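In: No letters, just coordinates:
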């Protein structure tokens, strides 16, 4: 029989293999330690997702209103101005599939949840959903306790810095090195200092804004439209089964943006809003997309996002809509 030392893998290595093993340990140990330090430092940065998660944990027994959606809802709804206990879990580039995961994944922790604000903006139904490995799924898992991966999770799925190295490296430099963060997050994670956009740069001068070029998606995609519409109906069916009242929102757009919209995309989206209104007794519409009377240039960050002044106005409209549902 072979001796005990020969049966142990560490003793079965020859000298060259042991040198290689030591080299690997010497190389990777500092890398791993550096990553651990970066992860801990990044977790300490007060970004909105972290504040969202902390508020969700602390006030889960009180929350009655949940806002979901993309950056338009993120910038447009301030829970601090809501008459009900509210949380805004919208974020930049968040789509309906992430919204649905968040709604399902938090519902059982929110016993008083009554109202869900759901965004269906201009081209929402003709933009593709993100994949199951979208980097923000790590955010939802880490801070909200929501699994949006649609698979069993493992250790790597919770590593925030690794989920988007570019994004968090920028945040790291901004917070620790340049100390240039301008965000002022309230207890709900809403940025009350979110004024530094194109319109402020132009001093809210409407004549200058009128000549400014901006990006707008006008590409049509009927295949995505059909898929996203079916998914939206699935979300609304779930909300109805859970006895949730849904306020489907279109948020204000500045008049130059309104003029550049693809009318076919608008027509298809509006046809779905009409169907929703007829089909779902638990759904009401808050259609403010084309409101150019209540919302002026000074209410906008840029052509399709409100600043905190505009958010105060839009949140007041949400309050009125909720009051009408009592």
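Out: Noted; the coordinates are in hand. No experiment lies behind these values; they were computed from the predicted model shown.

In: could you point out where the chain is predicted with low confidence?
Out: Counting by pLDDT under 70, the chain shows low-confidence ranges at 1-32.

In: got the domain boundaries for it?
Out: As given by automatic domain parsing, the domain ranges for the chain are 4-40, 46-131+179-325.

In: end-to-end on the last one?
Out: Translated: domain 46-131+179-325. 36 Å (C-alpha to C-alpha, to the nearest Å).

In: tell me the most buried of the domains of the chain?
Out: The highest mean neighbour count among the domains of the chain, using mean count of other C-beta atoms under 10 Å, belongs to domain 46-131+179-325: a mean of 18. Backbone N, C-alpha and C define where each C-beta goes, glycine included.

In: still on that earlier bit, redo the domains of the chain as JSON lines? Include distance to residue 165.
Out: Below are the domains of the chain laid out as JSON lines (distance: least, C-beta to C-beta, whole Å):
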{"stretch": "domain 4-40", "distance to residue 165": "9"}
{"stretch": "domain 46-131+179-325", "distance to residue 165": "15"}
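
In: Ok, which of these comes nearest residue 147?
Out: Proximity to residue 147, assessed across those by C-beta to C-beta, is greatest for domain 46-131+179-325 (6.7 Å).

In: residues contacting the spatially most central residue of the chain?
Out: For the chain, the residue sitting closest to the mean C-alpha position, by C-alpha atoms, centre = their mean, is residue 91 at 2.2 Å. Residues in contact with residue 91, defined by C-beta atoms under 8 Å, 6 or more residues apart in numbering, are 48-49, 70-71, 74, 136, 139.

In: do that again at 6 Å, thanks
Out: Under the criterion of C-beta atoms under 6 Å, 6 or more residues apart in numbering, the neighbours of residue 91 are residue 74.

In: shift numbering so it begins at 59
Out: Understood, numbering begins at 59; the last thing we discussed is residue 149.

In: Tell me how far the closest residue to residue 308 other than its chain neighbours lies from residue 119.
Out: Nearest residue to residue 308, sequence neighbours excluded (C-beta to C-beta, 6 or more residues apart in numbering): residue 347, at 3.8 Å. Remark: distance between residue 347 and residue 119 (C-beta to C-beta, to the nearest Å) = 34 Å.

In: sorry, back to before: so which of the domains of the chain is nearest residue 230?
Out: Closest approach to residue 230 among the domains of the chain (C-beta to C-beta): domain 62-98, 7.2 Å.

In: which one is residue 374 nearest to, not counting chain neighbours?
Out: residue 139 (6.8 Å).

In: residue boundaries of the strands in the protein?
Out: 123-126, 144-146, 173-177, 303-308, 341-345, 358-360, 363-364 (DSSP state E).

In: Sheet partners, orientation included, of the longest one?
Out: Strands adjacent to strand 303-308 in the sheet, as given by DSSP bridges, are strand 173-177 (parallel), strand 341-345 (parallel).

In: one step back: closest to residue 235 out of the strands of the chain?
Out: strand 358-360 (25.9 Å).

In: can you list the residues that contact that closest one?
Out: For strand 358-360, contacts defined as C-beta under 6 Å, 6+ apart pick out 255-257, 312, 364-365, 368.

In: how far is it from where the chain is centred?
Out: 18 Å (C-alpha atoms, centre = their mean, to the nearest Å).

In: Which residue ranges of the stretch 209-358 of the chain form helices?
Out: Using DSSP state H, counting those that start in this stretch, the helices of the stretch 209-358 of the chain run over 218-221, 223-230, 256-259, 264-269, 280-299, 313-318, 321-337.

In: Relative to residue 246, which of these is closest?
Out: Closest among the helices of the stretch 209-358 of the chain, using C-beta to C-beta: helix 223-230, at 19.6 Å.

In: Buried residues in that closest one, which are they?
Out: Of all the residues in helix 223-230, those buried under the rule 16 or more other C-beta atoms under 10 Å are 226, 229-230.

In: For that helix, what is the distance to the chain centroid?
Out: Offset of helix 223-230 from its chain centre (C-alpha atoms, centre = their mean): 17 Å.

In: same question, stretch 316-330
Out: With C-alpha atoms, centre = their mean as the basis, stretch 316-330 stands 23 Å off its chain's centre.

In: Endpoint to endpoint, stretch 231-240 covers what distance?
Out: 13 Å.

In: same check, this time on stretch 331-346
Out: Using C-alpha to C-alpha, the two ends of stretch 331-346 sit 13 Å apart.

In: I'd like to check what contacts it. Which residues are they?
Out: Outside stretch 331-346, the residues that reach it (C-beta under 6 Å, 6+ apart) are 294, 298, 303-308, 310, 379.

In: Just put those in CSV and tack on distance to residue 242.
Out: Formatted as CSV, the contacts of stretch 331-346 follow (distance: C-beta to C-beta, whole Å):
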residue, distance to residue 242
294, 35
298, 38
303, 32
304, 31
305, 27
306, 30
307, 25
308, 27
310, 23
379, 27
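
In: quick one on the thing from earlier: of the domains of the chain, which approaches residue 218 most closely?
Out: Closest among the domains of the chain, using C-beta to C-beta: domain 62-98, at 6.5 Å.

In: Alright, that wraps it up for me.
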